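Asks: Give me a 3D structure for the following:
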Amino acid sequence: MSSDLPSYEQAAALVAAHARRLARQKKPRTERVPLGNAANRILGAPIAAEDDQPPFARSTRDGYACRAAQASAHKTLPIAGSTHAGQPPAGPLPPGKAWEIMTGAPVPPGADCVVMLEHVERSDSTIRLAPEHKINPGDNIVAKGAQARRGDEQLPPGLRLGPAQIALAASCGYARLDVYVRPRVAILTTGDELVPLEAAPGPGKIRNSNAPMLAALVASAGAEPIVLPTAADTAEALDEALSQALEADILLISGGVSAGKFDLVEPALARLGAQFHFTGVRIQPGKPLVFGEVAGSGLKPYINRPRSEEPSGPASIPIFGLPGNPISSAATFHLFAAPIIATLAGSRETHPRFVLAQLSRDTDRKTKPGLTRFLPAFCQFNPSISELPQVALVPWQGSGDLTAFARSNCFLVIPEDASFLEAGTTVRILLH
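Replies: Residues are numbered from 1 along each chain as shown. You can find the predicted model right below:
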């Protein structure tokens, strides 16, 4: 019965506790990669400031460096010189003078502010601050070392390297970065109905869409996907496939976890001695999800990457048995598998990405409470910063509806105790 299964919150707490245990057991290994190849990797060592940042007092505006007290008196100040970005710092600013300066250029010693170009009256070689403006010491200047001092830690390990982090590393002189080695995720799809992508499906057959979908999800989560051959719906085929899938850092099995005659994954895992943390969750879609762990063995026919003498994986391997319908597989991946992958990848960001939005249309009133629902939806992010994003369900025909999934950009969360939600309600969405 559903009431005997853990709720989403309870299952998520079990996964989070297991992730913390994995983090304590073993820290991921690092490798050094060129900065140009580091995007979307997880930083494995701190980035430190090579020098004071900025290395000189820097102007943040095009204008005139001067002394605030003199400029604020609206005195006429002769222009003593000019500096643009890339030139070395000028000598000290002479008393009673101004210095023409461009954005990013070093401010001459003695100047304590930069008056914006638009705020002055210029006549030949002199300037005067316009009567309607004032200037204070420090305005439009970033002081030397204001961002960081030499040797200060700029970024800690565990951050995903995006454009901003790449730019910071470059500014600190890092041509190569230490990043965590990507965890290896074995992906095993099951089912007699599956045929290869290149094949024309015969009667009762479908193309295997879950394997490439899960591979893309794994890669986007910062791991290395290893797609195994599809296993047929027999105990012998599953035993053989599983025996070859246990030297990865985590195993995802798609299909075969419901209660039907040919749903054989859970018994096959039990024969391997798997410890199950839960075998179902009160969610829709994805209720039959299985989460457990099993001792590693060897994925040797399919993983040929050189390994260090120190084993890269934990003593036991987390295993997720994901439901075979694609939306179910994707939802349970984001909710449960992605946090474990993030932990094994060394990331500090290990939780699903929930955000708030406003529901723009009522949900179906026929839904019965009792399950937390994660339904495909589309969120329109508003240009107004004062309004919540607007979200509505995408019409769908069940958890096998790939068209609906492809047209969505999030999952709308309907709480376990709710039968429907009214338009205008503030809701949680899970980004994907």
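
Asks: Which residue ranges of the stretch 51-200 of the chain form strands?
Replies: For the stretch 51-200 of the chain, applying DSSP state E, counting those that start in this stretch gives strands covering 58-59, 63-66, 77-83, 98-101, 113-116, 120-123, 126-129, 141-142, 153-155, 176-180, 184-189, 194-195.

Asks: The second one pairs with which strands, parallel or anti?
Replies: Meaning strand 63-66. strand 98-101 (antiparallel), strand 113-116 (antiparallel) (DSSP bridges).

Asks: Tell me which residues are up against the last one.
Replies: With contacts defined as CB atoms under 8 Å, 6 or more residues apart in numbering, strand 113-116 is touched by 59-68, 71, 98, 101, 107, 127, 129, 133, 135-141. Quick note: C-beta positions are derived from backbone N, CA and C, even for glycine.

Asks: Now list the buried members of the residues you listed.
Replies: 59, 61-68, 71, 98, 101, 107, 127, 129, 135, 139-141 (16 or more other CB atoms under 10 Å).

Asks: circling back: residue 176: which of the strands paired with strand 63-66 is closest?
Replies: Nearest of these to residue 176, taken as CB to CB: strand 98-101 at 35.2 Å.

Asks: can you list the residues that contact the closest one?
Replies: 59, 62-66, 71, 77-84, 90, 93, 107-108, 111, 114-115, 127.

Asks: can you give me the offset of that strand from its chain's centre?
Replies: Relative to its chain's centre, strand 98-101 lies at 44 Å (CA atoms, centre = their mean, to the nearest Å).

Asks: On the three-state scheme, residue 329 is what?
Replies: helix (DSSP: H, G, I helix; E, B strand; the rest coil).

Asks: shift numbering so it begins at 45
Replies: With 45 as the first residue, the last one maps to residue 373.

Asks: How much space separates it from residue 104?
Replies: 49 Å (CB to CB, to the nearest Å).

Asks: cool, and residue 277?
Replies: 66 Å.

Asks: can you check residue 201 too?
Replies: For residue 201 relative to residue 104 (CB to CB), the value is 31 Å.

Asks: just residue 183 next, same as before
Replies: 9 Å.

Asks: do residue 121 as well
Replies: 20 Å.

Asks: Repeat that for residue 473.
Replies: 38 Å.

Asks: do the same with residue 364
Replies: Counting by CB to CB - residue 364 and residue 104 are separated by 50 Å.

Asks: top strand in this structure by residue count?
Replies: Using DSSP state E to assign secondary structure, the strand with the most residues in the chain is strand 416-424.

Asks: partner strands of that one, parallel or antiparallel?
Replies: By DSSP bridges, strand 416-424 pairs with strand 327-328 (parallel), strand 434-437 (antiparallel), strand 454-458 (antiparallel).

Asks: Could you look over these and pick the most buried one?
Replies: strand 454-458 (a mean of 24; mean count of other CB atoms under 10 Å).

Asks: what angle do the helix or strand just after that one and strand 416-424 make?
Replies: Using DSSP states H and E, the helix or strand that follows strand 454-458 towards the C-terminus is strand 470-475. Counting by axes from the mean of the first three to the mean of the last three CA atoms, to 10 degrees, strand 470-475 lies at 90 degrees to strand 416-424.

Asks: where do the helices sit along the protein?
Replies: Here the chain has its helices, by DSSP state H, at 52-69, 112-116, 207-215, 254-264, 279-287, 309-315, 370-376, 382-388, 446-450.

Asks: mind checking which of these is nearest residue 465?
Replies: helix 52-69 (16.3 Å).

Asks: Any buried residues in that closest one, and which?
Replies: 52, 55-56, 58-60, 62-63, 66.

Asks: what sits up against the helix or strand of the chain with the lowest mean pLDDT?
Replies: Ranked by mean pLDDT, DSSP states H and E, the helix or strand of the chain with the weakest confidence is strand 238-239, at a mean of 82. Outside strand 238-239, the residues that touch it by CB under 8 Å, 6+ apart are 245-246, 249-252, 274.

Asks: same thing but at 7 Å, please
Replies: 245, 249-252, 274 (CB atoms under 7 Å, 6 or more residues apart in numbering).

Asks: Check which strands are paired with that strand and give the direction for each one.
Replies: Strand pairing (DSSP bridges) places strand 238-239 next to strand 250-251 (parallel).

Asks: So what's the gap between the strand it pairs with and the chain middle?
Replies: With CA atoms, centre = their mean, you get 31 Å for strand 250-251.

Asks: residues near residue 402, how many?
Replies: For residue 402, the number of neighbouring residues by other CB atoms under 10 Å comes to 17.

Asks: That one and residue 436 touch, don't they?
Replies: No: Residue 402 is not in contact with residue 436 according to CB atoms under 7 Å; the separation is 10.0 Å.

Asks: For residue 257, find the nearest of the strands paired with strand 107-110.
Replies: Nearest to residue 257, of the strands paired with strand 107-110 and by CB to CB, is strand 157-160 at 52.6 Å.

Asks: CA-only coordinates of that closest one in PDB, if you can.
Replies: Taking Å, rounded to 0.1, in the frame of the first residue of the first chain, the C-alpha atoms of strand 157-160 are listed here in PDB:
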ATOM      1  CA  CYS A 157      37.700  60.300  -6.600                       C
ATOM      2  CA  VAL A 158      36.800  60.200 -10.300                       C
ATOM      3  CA  VAL A 159      34.300  62.700 -11.600                       C
ATOM      4  CA  MET A 160      32.100  61.200 -14.300                       C
END
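
Asks: Give the rounded mean pLDDT of that strand.
Replies: For strand 157-160, mean pLDDT is 98.

Asks: List the buried residues in that strand.
Replies: 157-160.

Asks: Nearest to residue 217, out of the strands paired with strand 416-424?
Replies: strand 454-458 (39.4 Å).
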